[in-house]
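Asks: I'll drop the sequence and a predicted model, then ask my questions.
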Amino acid sequence: MRQIYIKPRSNRVLYNVTVGINPTKIEEWTRFMREDHLPKIFASNCFESYRMCRIVDEQADSTTIAVQYVALSQEDLQTYHSKYAPKLQKEHLDKFGGDAVAYRSVLSILEEGTWEVI
(Lines give C-alpha, C1' and ligand atoms only; values in the text may rest on other atoms or scores of the structure.)
Protein backbone atom coordinates (compact mmCIF):
# COMPACT_ATOMS: atom_id res chain seq x y z
CA MET A 1 0.00 0.00 0.00
CA ARG A 2 1.15 3.55 -0.69
CA GLN A 3 0.44 6.92 0.80
CA ILE A 4 1.67 10.47 0.53
CA TYR A 5 4.32 11.43 3.06
CA ILE A 6 4.31 15.17 3.68
CA LYS A 7 7.62 16.55 4.89
CA PRO A 8 7.58 18.95 7.84
CA ARG A 9 7.19 22.59 6.86
CA SER A 10 10.39 24.54 6.44
CA ASN A 11 11.48 28.05 5.50
CA ARG A 12 13.11 26.84 2.31
CA VAL A 13 12.89 29.00 -0.80
CA LEU A 14 13.06 28.02 -4.46
CA TYR A 15 15.01 30.41 -6.69
CA ASN A 16 14.01 29.66 -10.28
CA VAL A 17 16.07 30.91 -13.22
CA THR A 18 14.45 30.21 -16.59
CA VAL A 19 16.83 30.63 -19.51
CA GLY A 20 15.94 30.75 -23.20
CA ILE A 21 19.03 29.46 -25.01
CA ASN A 22 19.97 29.59 -28.67
CA PRO A 23 19.98 25.88 -29.70
CA THR A 24 23.45 26.26 -31.23
CA LYS A 25 24.79 27.29 -27.77
CA ILE A 26 23.13 24.64 -25.57
CA GLU A 27 26.21 22.39 -25.23
CA GLU A 28 28.50 25.33 -24.46
CA TRP A 29 25.97 26.75 -21.98
CA THR A 30 25.52 23.40 -20.21
CA ARG A 31 29.29 22.94 -19.91
CA PHE A 32 29.65 26.51 -18.57
CA MET A 33 26.94 25.85 -15.97
CA ARG A 34 28.47 22.58 -14.76
CA GLU A 35 32.13 23.61 -14.79
CA ASP A 36 31.98 27.30 -13.85
CA HIS A 37 28.67 28.83 -12.82
CA LEU A 38 27.21 26.15 -10.51
CA PRO A 39 30.43 25.68 -8.51
CA LYS A 40 30.54 29.46 -7.91
CA ILE A 41 26.90 29.53 -6.84
CA PHE A 42 27.42 26.71 -4.35
CA ALA A 43 30.63 28.30 -3.08
CA SER A 44 28.36 31.07 -1.73
CA ASN A 45 26.92 28.55 0.77
CA CYS A 46 23.48 30.05 0.12
CA PHE A 47 21.89 26.99 -1.53
CA GLU A 48 21.55 23.32 -0.59
CA SER A 49 20.60 21.82 -3.94
CA TYR A 50 19.58 22.47 -7.52
CA ARG A 51 17.81 20.82 -10.41
CA MET A 52 18.02 21.62 -14.09
CA CYS A 53 14.89 20.98 -16.16
CA ARG A 54 14.18 21.35 -19.85
CA ILE A 55 10.85 23.01 -20.54
CA VAL A 56 8.96 20.95 -23.11
CA ASP A 57 7.71 23.23 -25.90
CA GLU A 58 7.87 21.98 -29.46
CA GLN A 59 6.84 25.39 -30.85
CA ALA A 60 9.78 27.35 -29.41
CA ASP A 61 12.70 28.44 -31.57
CA SER A 62 15.01 28.27 -28.55
CA THR A 63 15.74 25.71 -25.88
CA THR A 64 14.31 26.71 -22.51
CA ILE A 65 15.92 25.45 -19.31
CA ALA A 66 14.70 26.10 -15.78
CA VAL A 67 17.43 25.94 -13.15
CA GLN A 68 15.92 25.67 -9.67
CA TYR A 69 18.07 26.35 -6.63
CA VAL A 70 16.86 25.61 -3.09
CA ALA A 71 17.91 28.02 -0.34
CA LEU A 72 17.39 27.06 3.30
CA SER A 73 15.85 30.44 4.09
CA GLN A 74 14.85 33.81 2.67
CA GLU A 75 17.89 35.25 4.47
CA ASP A 76 20.23 32.91 2.56
CA LEU A 77 18.62 33.97 -0.70
CA GLN A 78 18.93 37.63 0.25
CA THR A 79 22.63 37.10 1.00
CA TYR A 80 23.06 35.53 -2.42
CA HIS A 81 21.28 38.43 -4.14
CA SER A 82 23.26 41.12 -2.34
CA LYS A 83 26.76 39.57 -2.30
CA TYR A 84 27.03 37.17 -5.24
CA ALA A 85 24.27 37.50 -7.85
CA PRO A 86 25.37 40.74 -9.56
CA LYS A 87 28.83 39.39 -10.43
CA LEU A 88 27.59 35.94 -11.49
CA GLN A 89 24.77 37.37 -13.61
CA LYS A 90 27.24 39.71 -15.33
CA GLU A 91 29.59 36.80 -16.09
CA HIS A 92 26.66 34.90 -17.64
CA LEU A 93 25.56 37.92 -19.67
CA ASP A 94 29.12 38.69 -20.83
CA LYS A 95 29.63 35.10 -21.99
CA PHE A 96 26.28 34.50 -23.74
CA GLY A 97 24.60 37.88 -24.26
CA GLY A 98 21.34 37.46 -26.17
CA ASP A 99 22.04 33.75 -26.79
CA ALA A 100 20.94 32.89 -23.22
CA VAL A 101 18.29 35.23 -21.83
CA ALA A 102 17.33 34.67 -18.18
CA TYR A 103 14.14 35.37 -16.24
CA ARG A 104 14.21 34.93 -12.46
CA SER A 105 11.50 34.20 -9.91
CA VAL A 106 11.35 33.29 -6.22
CA LEU A 107 8.91 30.77 -4.77
CA SER A 108 8.29 29.99 -1.13
CA ILE A 109 8.07 26.21 -0.64
CA LEU A 110 4.76 25.59 1.12
CA GLU A 111 4.83 21.82 1.19
CA GLU A 112 6.82 18.90 -0.17
CA GLY A 113 5.92 15.26 -0.22
CA THR A 114 6.78 11.85 -1.58
CA TRP A 115 4.71 8.83 -2.59
CA GLU A 116 5.88 6.04 -0.30
CA VAL A 117 5.16 2.40 0.45
CA ILE A 118 3.82 1.87 3.98
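Replies: Perfect, I can see it now. Numbering: from 1, shown residues only.
Asks: What lies in contact with the longest helix that the chain contains?
Replies: Criterion DSSP state H: the longest helix present in the chain is helix 85-96. The contact list for helix 85-96, computed with CB atoms under 8 Å, 6 or more residues apart in numbering, reads 21, 25, 29, 32, 36-37, 40-41, 100, 102. No exception for glycine: its C-beta is placed from N, CA and C like everyone else's.
Asks: Which of the residues you listed sits closest to Leu72?
Replies: Distances from Leu72 to these, taken as CB to CB, are shortest for Ile41 (14.2 Å).
Asks: Can you get me a residue count around the closest one?
Replies: 21 (other CB atoms under 10 Å).
Asks: My read is that it contacts Glu48, right?
Replies: No. At 11.4 Å, Ile41 and Glu48 do not qualify as touching, with contact defined as CB atoms under 8 Å.
Asks: where do the strands sit along this protein?
Replies: For the chain, strands defined by DSSP state E occupy the ranges 2-6, 13-21, 49-54, 63-71, 100-108, 113-117.
Asks: Give me the residue ranges of the protein where confidence is low.
Replies: Scanning the chain for pLDDT under 70 picks out 58, 60.
Asks: Identify the residues contacting the residue lying closest to Gly98 once chain neighbours are set aside.
Replies: Computed as CB to CB, 6 or more residues apart in numbering, the closest residue to Gly98 that is not its neighbour in sequence is Asn22, at 8.0 Å. Counting by CB under 8 Å, 6+ apart, Asn22 touches 62-63, 98-100.
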